[in-house]
Each structure stands twice: as structure tokens, then as C-alpha cells.
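Trainee: pasting the structure only:
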């Protein structure tokens, strides 16, 4: 899967740091990321390239390291720790039409660093090297958190970044906020040699998937497996067993994969608000190729290859 980057290692712990010239800079505009792509290879701008462009004042927030490569997030400078002294004297409002600002239209999505352009973050799905794609997905998770939590939800005062840990705090009321991670389940429901496969109802998504959903407050992962299977397809499940997990920055989630056997009647009742289709597919008829990207894809292929034996009712 995308997070399997061994022998390289992600060091996610927060440290107070400033970027070096060769540090990788992640610049997002909603779901777009500033990249250079050559024959499928994804490249992020360096700090030197960012600061040499006419990009206005920016804040460079430390994200993580992959081995010795440090990654930083470029954000508008107002309200954050400012970029180094080379940007001093510039108008703090210059960033509004620059790196990291929100796109007003397609023209505004044009690159402001020569050779780079904005692409949808889906570029990470098929891009290489996988290490950079995983870094990009993880960075987008943190970008969304910083972008969506600029003000305290308790007193509406401006949040400030903590200097010692990845936390936002409010000096007015003392509120503290840490990055959000949403736990979710993916369920491979099996009936003998058949796997329950689904397609989401949302427009534009054509790939087959599995039963999935977020864990609700006060709910265990196993309870969520049962509830999601019933809500989406009207099926009861039993013999729930854990497979593996995956950090999924595209939805700020930690995905937990389970297989479960059908319990009783195999007739499907589709929740059309969630799914466009749900059907039983024999393992010999599964037309899915392993992509090394997502937990869902791996679980489907794992069943297809006979590594999971369902219980025929």
C-alpha cells in the first residue's frame, strides 16, 4: 500500500524547524497541489525555488521527515510564524494571489514557480516515487487541519501554533486543538467464494469498492462493521476478523480493514443514498488489478487470490 515505503521511514513527530534550501515544500489550494510531473514522476518545489519566486510572504510549517528529507507546508503568513528574514519588508497581503491561496477560477490555478503547475491530489494515486506520493497525501491531511482551524471554536479568537508540539492553542480561553484523525472501517463481506462488492453513488466514481464507513461516537470497530454492512446492503455478518490498517490522508482517516462472513440471508437491499450498486462476485470473476495504493484494492485482490476463505451459509 501507499504507506509501505520501507526501507525509507516516515518520521511524523513534530520538531521546531526552519527549512533548508533543499527542503521539499508542499503548496496546496484546496484539493490541488503544486507539482512538477515528468513521465509520471512527482516532484515538489524546494524552499530555494519558492523563496526565489515573487510569491509574497509565506509561513513554512514543519510537517515531517522521510529519512533525511524534511517536508514543510507553505501557508499564508498572517497569523503564523513568518518565513525567514529574506521576506521582511513585504506586504503581508501579497500572499492572497500566491502560493497556497485558494483558487478563484482555473486561471488562478496557474503555477507561480516556473516549471510547476497545480494538479488534483489524485495525481498521487498513480504517481512515482511512491515515497513522495505518500508524503503528499500525509501533507494534505495536515494542510486541511491547519486550513480549517484558524479560529477557536469556543471563543472565535485567532488560534496560534504551539512551538513545542503539533497543536493549536487559544490565548484567550485556553482551548487546545490537536490534528484530527477519523477512524473508519472497510469490510470484505464474504459468502464462500463470493465477495460483496459495491460502487459509491457519488458521481464520477466508477471503481468497485467494499462496504465502508466511519466509526460513530461510542462505537467499537466491530460494531461499526455490523452497522455499515446492514445500513448499506441489508446484510448481517459474523466471524469478524481484523486484516490491517492504513492511514488515509485524503479523508483525514485511519482505515481499519476487516473480513466478515455473511450471517443468514444473502439478498441485498442497497442504500441508494450511499451506493449505486452492490453485488456478490465470485473470486474467479473479480476484474481488479493490484495497484499497491489502497487498502480496499489490496483486500479485494487478497480475496481474489484465495487468501481469504469465506464460510458458505
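Mentor: Received the coordinates, thanks. Since the structure is predicted, the reported quantities are computational estimates derived from the model, not experimental observations. Numbering: from 1, shown residues only.
Trainee: hang on, residue 197 in a strand?
Mentor: Yes: counting by DSSP: H, G, I helix; E, B strand; the rest coil, residue 197 falls inside a strand.
Trainee: quick check: residue 226 is in a helix.
Mentor: Yes: assessed with three-state DSSP, residue 226 lies in a helix.
Trainee: what distance do you get for it to residue 239?
Mentor: Here the distance between residue 226 and residue 239 works out to 11 Å (CB to CB, to the nearest Å). Quick note: C-beta positions are derived from backbone N, CA and C, even for glycine.
Trainee: need the overlap of contacts for these two.
Mentor: Contact criterion CB atoms under 8 Å, 6 or more residues apart in numbering; residues bridging residue 226 and residue 239 by contacting each: residue 260.
Trainee: max-length helix in this structure?
Mentor: Counting residues, the longest helix in the chain under DSSP state H turns out to be helix 130-148.
Trainee: next up, the contacts around residue 272.
Mentor: Counting by CB under 8 Å, 6+ apart, residue 272 makes contact with residue 201.
Trainee: tell me the SS of it?
Mentor: Counting by three-state DSSP, the backbone at residue 272 sits in coil.
Trainee: hmm, back to that, who has more neighbours, residue 226 and residue 239?
Mentor: In terms of neighbours (other CB atoms under 10 Å), residue 226 is the more surrounded of residue 226 and residue 239; the figures are 20 against 12.
Trainee: OK, contacts around that one?
Mentor: Under the criterion of CB under 8 Å, 6+ apart, the neighbours of residue 226 are 236-237, 240, 260.
Trainee: so how far is residue 287 from it?
Mentor: The gap separating residue 226 from residue 287 is 29 Å, by CB to CB.
Trainee: and the one helix or strand residue 48 maps to, what's buried?
Mentor: Assigning secondary structure by DSSP states H and E places residue 48 in helix 47-52. Within helix 47-52, the residues that count as buried by 16 or more other CB atoms under 10 Å are 47, 49-51.
Trainee: any idea of the angle the strand ranked longest in the chain forms with helix 130-148?
Mentor: Using DSSP state E, we find that the single longest strand of the chain is strand 237-248. In this structure, strand 237-248 runs at an angle of 90 degrees to helix 130-148, with axes from the mean of the first three to the mean of the last three CA atoms, to 10 degrees as the basis.
Trainee: so in that sheet, which strands flank strand 237-248, and in what orientation?
Mentor: Next to strand 237-248 in the sheet, as set by DSSP bridges, lie strand 253-262 (antiparallel).
Trainee: after the partner strand, next one along is what?
Mentor: Counting by DSSP H and E, the element that comes right after strand 253-262 along the chain is strand 275-282.
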